[in-house]
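Novice: build me a model from this:
(one chain, ligands or ions: 1)
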Amino acid sequence: MKQTVIAVVGCGRIANNAHFPAFMQMDEIRIKYACDLIESKAQASKEQWSKIENVITDYQVALNDPEVEAVYVLTPNFAHYTVAMDALRAGKHVFVEKPITVNYALSCEMAAEAAKQNKILNIGVCNRFHKSVEMLEEMNREGKFGDIYHVYCSFRAFRSIPGLGGAFTTKAMSGGGALIDWGVHYLDLILYILGSPKLKTCTADAYCEMAKDMKAYKYEYMWAEDTKDVENGTNDVDDLISGHVRTEGASISFNGSWAANINVPNNTFIDFMGTKAGARLTYGGHFTIFDGETLESITPEYDIPDMYLLEDKAFIESIHTGVKGRSHIDNILETMQLLDTLYQSAEKKEEIKI
Ligand SMILES: NC(=O)c1ccc[n+]([C@@H]2O[C@H](COP(=O)([O-])OP(=O)(O)OC[C@H]3O[C@@H](n4cnc5c(N)ncnc54)[C@H](O)[C@@H]3O)[C@@H](O)[C@H]2O)c1
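Specialist: Residues are numbered from 1 along each chain as shown. Just a heads-up that it's a prediction; the model follows:
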């Protein structure tokens, strides 16, 4: 088997928790380089994942290596654009973690560059590969729900702002807060299951209330805690956002937060309301169908395969076939446009035509 030679830029959480474990199960790739600005992080990855051949701190080394065919960009959001554009211009295929980058305009430039270079550019919308999402998308296409006329989603957590004062809460580096970091997953999989209906209008209100005084912020959980900087950092992003989207099909409403003062279980779910049946998808897990005719509730049983492994395999397959798959940037731009317009609406405090 011909192996695809890859380089990984950014050896943080998503690299070590999702992609390197997946790569270890993929005979179809060689990991020639692991790159991180912080050498000790790339080195730690090399020690943990035996397939990594070399450690570098400057990704240009990998871009200048003709053997490298594809680059994984697993850096904070703002760096996605620069690293991906450099890699595309160097003639590499590129995988970029979600969100595409910090805004829609730069995302469109990335899509245009991929088209110009005739290279695959996939985005890490891993949920499109989740078994439950695949099943719901198929059921909707087959008309199991009748017409889905409304979707409601909740992605709420209690006191869990990530890396306060670091890249996650600095708008210039992240593009936003709870919406762009978590909401991107929810809204993307909703649009995917609905069959990408044309977007019409949206409105949103965003709040940054829980850590105005960063030093006084109390929390139950903080991921990315290693990146926090409550002394000198910034927190200028949404810790709560609520919105409503009109499409040519179903309307969508959502309420999401990193840190609202509501602490109840099972607060991350999506409800699809159809004329014949509805479904509640528990985020990351199974779903229940509520049949309006038999009045039965059914929770199908199935194994949930590793969605990261599936998205990584799909990327390598697209490189070989040239076929744009479900996570190709061209199929994700609409999600980015929606996130961007929701943020504009929250800023202007008015509904916006998309
Ligand atoms: N798909 C998912 O479910 C999921 C989950 C978590 C994070 N993510 C995304 O993955 C990305 C990374 O998040 P993370 O939590 O792993 O962050 P992280 O801070 O743990 O890791 C990012 C790493 O990139 C390195 N880096 C930054 N700029 C670099 C550059 N120019 N060259 C080389 N290395 C560079 C940093 O030093 C850091 O080690 C973000 O865009 C995030 O939104 C996706």
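
Novice: residues near whatever residue of the stretch 251-354 of the chain ends up closest to the ligand, how many?
Specialist: Nearest residue of the stretch 251-354 of the chain to the ligand, counting by Cβ to the nearest ligand atom: residue 308, 7.5 Å away. For the C-beta atoms, the positions are set from N, CA and C on the backbone; glycine is no exception. Residue 308 has 19 neighbouring residues, counting by other Cβ atoms under 10 Å.

Novice: then residue 256?
Specialist: Residues near residue 256, counting by other Cβ under 10 Å: 27.

Novice: now do the phi/psi pair for it.
Specialist: Residue 256 has phi and psi values of phi -140, psi 150 when expressed as degrees, to the nearest 10.

Novice: tell me the contacts of it?
Specialist: With contacts defined as Cβ atoms under 8 Å, 6 or more residues apart in numbering, residue 256 is in contact with 153-156, 178-179, 182-183, 186, 240-242.

Novice: one more time with 6 Å
Specialist: Going by Cβ atoms under 6 Å, 6 or more residues apart in numbering, residue 256 touches 155, 178, 182-183, 241.

Novice: do you know how far the nearest residue to it once chain neighbours are set aside is from residue 68?
Specialist: Distances taken as Cβ to Cβ, 6 or more residues apart in numbering place residue 155 nearest to residue 256, at 3.9 Å, with adjacent residues excluded. Relative to residue 68, residue 155 is positioned 36 Å away (criterion: Cβ to Cβ, to the nearest Å).

Novice: for the stretch 51-200 of the chain, just list every one of the strands.
Specialist: 52-56, 70-73, 93-97, 121-124, 148-156, 199-207 (DSSP state E, counting those that start in this stretch).

Novice: which of these has the highest mean neighbour count?
Specialist: Per-stretch averages of neighbours, counted by mean count of other Cβ atoms under 10 Å, single out strand 121-124 among the strands of the stretch 51-200 of the chain, with a mean of 29.

Novice: that strand near the ligand at all?
Specialist: Yes: for strand 121-124, a contact with the ligand is found by Cβ under 6 Å from any ligand atom, at residue 124.

Novice: quick revisit: thought the residue of the stretch 251-354 of the chain closest to the ligand was touching residue 23?
Specialist: No: with contact defined as Cβ atoms under 6 Å, residue 308 does not count as touching residue 23 (9.6 Å).

Novice: excluding chain neighbours, give the residue nearest to the residue nearest the centre of the chain in space.
Specialist: By Cα atoms, centre = their mean, the mean C-alpha position of the chain lies nearest to residue 98, the distance being 3.4 Å. Distances taken as Cβ to Cβ, 6+ apart place residue 124 nearest to residue 98, at 4.6 Å, with adjacent residues excluded.

Novice: and the one you found, bridged to which residues?
Specialist: residue 97 (DSSP bridges).

Novice: which single residue in the protein comes nearest to the ligand?
Specialist: Distance from the ligand to each residue of the chain (Cβ to the nearest ligand atom) is smallest for residue 12, at 1.8 Å.

Novice: perfect, that will be all.
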